[in-house]
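Participant: The sequence and its predicted three-dimensional model are supplied below.
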Amino acid sequence: MGNIIDFHSHILPDIDDGSKSIEESLSMLQLEWKNGVTKVVATPHFYPQRDKPESFLNRREAAANKLKEAMKAKPDMPEIILGAEVYYFPGISDSEVISKLTLGGKNAILIEMPASPWTETMYRQLEGIYVKHGLTPVIAHIERYLSRFKSFADLKKLSQLPVLIQANGEFFTNPFTSRKALKLLKADLIHLIGSDCHDMNERRPELEKAIRLIEKKPGERAISRIEEYQKAVLSD
Ligand SMILES: [Fe+2]
């Protein structure tokens, strides 16, 4: 895969529970590049209950500008695309806020679903994000919620909504979950991958191993499908 995009990262310095400094962000970006990642979508947490969008966007811009300035002196760095990981809230589909928080300013938005059980209302809200705003919700790190899908058919039901599904690289590389991850990918129930990196310790940006596993099996078709979704999400 020649064009890996990390769709989920906490790589901007000092804005959420991710990178704590410019230096750490630079190290993370260097590691992304070594992993073959050409573009990193920065998706700092946005919690609508405790943050105002304007203040979030200002902080995000300031953090990104500082980082981009520091990147000038470093060769071989991936491109940074701005986004957010927006925590689901009741009435999200009626909120004007969401259109400002899309991935790369385009037509998809990364949504972090709650840990509580997902209700039919939530499904309708996700649908509403698409119908009312023309934005495709991207469900973040689906592997965290798999226990709530009693069957494959249940997950299919989610995928029949106008949503895309993102999984973390770790879902593929963890020996306990790898088979499941590859099975879901093969069934077109995972569309985008991300590292969900937070630091250079426990939650490092290491997507290459996951990509290699996908390349090996299910193979070229799955890779080109990911590339198509990547392209679609970042196009106008
Ligand atoms: Fe995250």
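Facilitator: Sure, I can see it.

Participant: Surely residue 167 is within a strand?
Facilitator: Yes. Counting by DSSP: H, G, I helix; E, B strand; the rest coil, residue 167 is found in a strand.

Participant: Renumber starting at 710 from here on
Facilitator: All set: I'll call the first residue 710, so the last point we hit is now residue 876.

Participant: Tell me the buried residues in the lowest-mean-pLDDT helix or strand in the chain?
Facilitator: Sorting the helices and strands of the chain by mean pLDDT, DSSP states H and E puts helix 861-868 at the bottom, at a mean of 86. If you call a residue buried by 16 or more other Cβ atoms under 10 Å, then helix 861-868 has these buried ones: 864, 867-868. For the C-beta atoms, the positions are set from N, CA and C on the backbone; glycine is no exception.

Participant: do stretch 805-820 as well
Facilitator: Here stretch 805-820 shows 806-807, 810-813, 815-820 as buried, counting by 16+ other Cβ under 10 Å.

Participant: Any idea how far apart the tips of it sit?
Facilitator: Stretch 805-820 stretches 15 Å from its first residue to its last (Cα to Cα, to the nearest Å).

Participant: Please work out which residues outside it touch it.
Facilitator: 716-717, 750, 752, 755, 757, 762, 765-766, 790-797, 801, 835, 838, 842-849, 873, 875, 942-945 (Cβ atoms under 8 Å, 6 or more residues apart in numbering).

Participant: and the ion, which of those residues contact it?
Facilitator: Here is what survives when the contacts of stretch 805-820 are matched to the ion using Cβ under 5 Å from the ion: residue 794.

Participant: Cross the contacts of stretch 805-820 against helices and list the overlap.
Facilitator: In this view, the contacts of stretch 805-820 that belong to helices under DSSP state H are 762, 765-766, 835, 838, 842, 942.

Participant: what residues are up against the residue at minimal distance from the centre of the chain?
Facilitator: Closest residue to the average C-alpha location of the chain: residue 717 at 3.1 Å, with Cα atoms, centre = their mean. By Cβ under 8 Å, 6+ apart, the contact set of residue 717 is 750, 752, 794, 819, 849-850, 875, 877, 903-905.

Participant: re the thing from before, adding distance to residue 890, write the buried residues of helix 861-868 out as JSON lines.
Facilitator: Below are those laid out as JSON lines (distance: Cβ to Cβ, whole Å):
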{"residue": "864", "distance to residue 890": "13"}
{"residue": "867", "distance to residue 890": "16"}
{"residue": "868", "distance to residue 890": "15"}
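
Participant: from those residues, which is closest to the ion?
Facilitator: Proximity of the buried residues of helix 861-868 to the ion was ranked by Cβ to the ion; the top entry is residue 867 with 19.0 Å.

Participant: just to revisit the earlier point, may I see the buried residues of stretch 805-820 arranged in JSON lines, with pLDDT as well?
Facilitator: Formatted as JSON lines, the buried residues of stretch 805-820 follow (pLDDT from 0 to 100):
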{"residue": "806", "pLDDT": "92"}
{"residue": "807", "pLDDT": "96"}
{"residue": "810", "pLDDT": "97"}
{"residue": "811", "pLDDT": "98"}
{"residue": "812", "pLDDT": "98"}
{"residue": "813", "pLDDT": "98"}
{"residue": "815", "pLDDT": "98"}
{"residue": "816", "pLDDT": "97"}
{"residue": "817", "pLDDT": "98"}
{"residue": "818", "pLDDT": "98"}
{"residue": "819", "pLDDT": "98"}
{"residue": "820", "pLDDT": "98"}
